[in-house]
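Chemist: give me coordinates for this.
(one chain, ligands or ions: 1)
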Amino acid sequence: MKTVYLDQAAGSFPKAPGVSAAVAGLLEHGGGNINRSSYALSTGTGLQVMAVREELAAFFGCSACEELIFTPGATQSVNLVLRGLLRPGDHLIISGMEHNAVYRTAHALTGAGIALSVAPCDGTGALDLDALDRLFRPETRLVMLTHASNVCGTILDIPGAARLCRRRGVPLAVDAAQSAGHIPVRLDELGADAVCFPGHKGLLGPQGIGGAALSPRLARAMTPLITGGTGSSSDSPEMPAELPDRFEAGTGNLPGILGLGAALSYLRSAGLDRLRAHEVALTGRFLSALRGCPHIRVPGPPRPEDRVGVISVDFLRRDNAEAAADLEERYGILTRCGLHCAPLAHRTLGTFPRGTVRFSLGPFTAPEEVDAAAQAVLALA
Ligand code: PLP
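Modeler: This is a model prediction of the structure:
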């Protein structure tokens, strides 16, 4: 039986062409480390890493490439921003569609004297801007919102939220774990101060590499999450003020960075617009095939243009976990069931605590695979 991988929201597979060669190339020929030693092997790899930083900074609309910070992934970037910025007495607003990367970190900070408000979203996962507007307080220090839901793909109105934030001079941070590589994610276009992204999902790179794109004002206000050696200002016990060193202590994931660089080159050559058109077409195809079945619920916006390629199915007459197991055993279709690390989102969508079966599509997903998944859902429903 052929396996159909529809768990792209958890981690893209296959990776973009060129990724594994770039990772292996660094491990086999790249030398030991960068930013420490001055021989050509080290500086050569350093230049390659710099080139990827420049590419990513341009991709995410940073005003300077130093404002692109490498981290192990979206979770680490969210922690970097929230823990780096917020202090006791501050107020943080998040949305009712957050992943635990944001929700648990925000919740942990309430134990350190930071007040937390959750902006409600409607039953499709769309952000209620009026309700968000009413949550601001004089001590609101940051708004952090997911860009696209990892449960049902809803794209939140980030530019709308940014307008509210700008009116009050409050920075906006975006969790782009499910949007980067799918739809444009640029600090300048979104009006955001931080974009936290993983390399291993929509960007089609390896696991263990991601980053944070920061605005200059946010970078200036943040303290480092991790301290240690940077290969710069080594005479000082303080972390250097310069970016990116201020937020990049220790040895980075060099194979991951070069792998991500290769993935980015692929995305550029394939064209984000073309990949997005493919995603919208497949999402629409899947949603249309499921429409009208009375034994399932498919939360999220009805129009494929309003979501990324993430479709959740709630089986109304059977257990969702059993349905996911049957999808694998009987049809070879790989999905993810449960709460998807997003209990807040499931509460918003009315699918807590039972969760859903999530199908997530990628640039290499074929129409026939979507058809097979839809037929299997209808048969199991
Ligand atoms: N935010 C969202 C919306 C996610 O879907 C995920 C992962 O699924 C994360 C954050 C965490 O990403 P990572 O595992 O790369 O840290």
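
Chemist: near the ligand, which residues of the stretch 201-350 of the chain?
Modeler: Residues of the stretch 201-350 of the chain found near the ligand (C-beta under 6 Å from any ligand atom) are residue 210. Every residue, glycine included, has its C-beta placed from N, CA and C.

Chemist: in the stretch 201-350 of the chain, which residue sits closest to the ligand?
Modeler: residue 210 (5.6 Å; C-beta to the nearest ligand atom).

Chemist: which residues touch that residue?
Modeler: By C-beta atoms under 8 Å, 6 or more residues apart in numbering, the contact list for residue 210 reads 70-74, 76-77, 196-200.

Chemist: from those, which land in helices?
Modeler: Among the contacts of residue 210, the ones falling in helices (DSSP state H) are 74, 76-77.

Chemist: okay, now the unreliable bits of the protein?
Modeler: Counting by pLDDT under 70, the chain has no low-confidence residues at all.

Chemist: helices of that one, start to end?
Modeler: Shown for the chain, the helices assigned by DSSP H span residues 19-29, 40-59, 74-85, 100-110, 129-135, 158-168, 187-190, 216-221, 254-270, 272-290, 320-331, 343-349, 367-380.

Chemist: could these go into JSON lines alongside distance to residue 175?
Modeler: What follows is the helices of the chain, written out as JSON lines (distance: least, C-beta to C-beta, whole Å):
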{"stretch": "helix 19-29", "distance to residue 175": "23"}
{"stretch": "helix 40-59", "distance to residue 175": "17"}
{"stretch": "helix 74-85", "distance to residue 175": "6"}
{"stretch": "helix 100-110", "distance to residue 175": "6"}
{"stretch": "helix 129-135", "distance to residue 175": "16"}
{"stretch": "helix 158-168", "distance to residue 175": "10"}
{"stretch": "helix 187-190", "distance to residue 175": "12"}
{"stretch": "helix 216-221", "distance to residue 175": "15"}
{"stretch": "helix 254-270", "distance to residue 175": "18"}
{"stretch": "helix 272-290", "distance to residue 175": "19"}
{"stretch": "helix 320-331", "distance to residue 175": "25"}
{"stretch": "helix 343-349", "distance to residue 175": "12"}
{"stretch": "helix 367-380", "distance to residue 175": "26"}
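
Chemist: how about the ones you listed, which one is nearest residue 357?
Modeler: Judged by C-beta to C-beta, the one of the helices of the chain that comes nearest to residue 357 is helix 320-331, at 4.8 Å.

Chemist: with adjacent residues omitted, what lies nearest to residue 170?
Modeler: Closest residue to residue 170 apart from its sequence neighbours, by C-beta to C-beta, 6 or more residues apart in numbering: residue 140 at 5.3 Å.

Chemist: so what's that neighbour bridging to?
Modeler: Under DSSP bridges, the beta-bridge partners of residue 140 are residue 91.

Chemist: also residue 95?
Modeler: Beta-bridge pairing for residue 95 (DSSP bridges): residue 119.

Chemist: that one contacts residue 156, correct?
Modeler: Yes. Residue 95 lies in contact with residue 156 (C-beta atoms under 8 Å); the separation is 6.6 Å.

Chemist: for the two, indicate the residue with more neighbours.
Modeler: Between residue 95 and residue 156, residue 95 has the larger neighbour count (other C-beta atoms under 10 Å), namely 27 against 23.

Chemist: which residues does the more buried one contact?
Modeler: Here residue 95 is in contact with 118-119, 121, 127, 132, 145-146, 156 (criterion: C-beta under 8 Å, 6+ apart).

Chemist: of those, closest to residue 313?
Modeler: Residue 313 lies nearest to residue 121 out of the contacts of residue 95, by C-beta to C-beta, at 19.6 Å.

Chemist: quick one: that closest one from residue 82, how far?
Modeler: Using C-beta to C-beta, to the nearest Å, residue 121 is found at 20 Å from residue 82.

Chemist: and if you look at residue 221?
Modeler: To residue 82, residue 221 is 12 Å away according to C-beta to C-beta.

Chemist: neighbours around the closest residue to residue 75 other than its chain neighbours, how many?
Modeler: The spatial neighbour of residue 75 that comes closest, neighbours along the chain excluded (C-beta to C-beta, 6+ apart), is residue 101 at 4.4 Å. Counted with other C-beta under 10 Å, the neighbours of residue 101 add up to 25.

Chemist: what sits against the closest residue to residue 58 other than its chain neighbours?
Modeler: Spatial nearest neighbour of residue 58, excluding adjacent residues (C-beta to C-beta, 6+ apart): residue 65 at 7.8 Å. Taking C-beta under 8 Å, 6+ apart as the criterion, residue 65 is in contact with 50, 53-54, 57-58.

Chemist: let's see 6 Å
Modeler: 53-54, 57 (C-beta atoms under 6 Å, 6 or more residues apart in numbering).

Chemist: keep only those of these that are also close to the ligand.
Modeler: Among these, no residue sits close to the ligand (C-beta under 6 Å from any ligand atom).

Chemist: now, which of those sits nearest residue 2?
Modeler: Of all those, residue 53 has the smallest distance to residue 2: 39.1 Å, by C-beta to C-beta.

Chemist: show me what contacts the closest one?
Modeler: By C-beta under 6 Å, 6+ apart, residue 53 lies in contact with 65, 68.

Chemist: hmm, 10 Å instead?
Modeler: Applying C-beta atoms under 10 Å, 6 or more residues apart in numbering to residue 53 gives the contacts 62, 65-70, 211, 244, 257, 261.

Chemist: off-centre distance for stretch 61-75?
Modeler: With C-alpha atoms, centre = their mean, to the nearest Å as the basis, stretch 61-75 stands 13 Å off its chain's centre.
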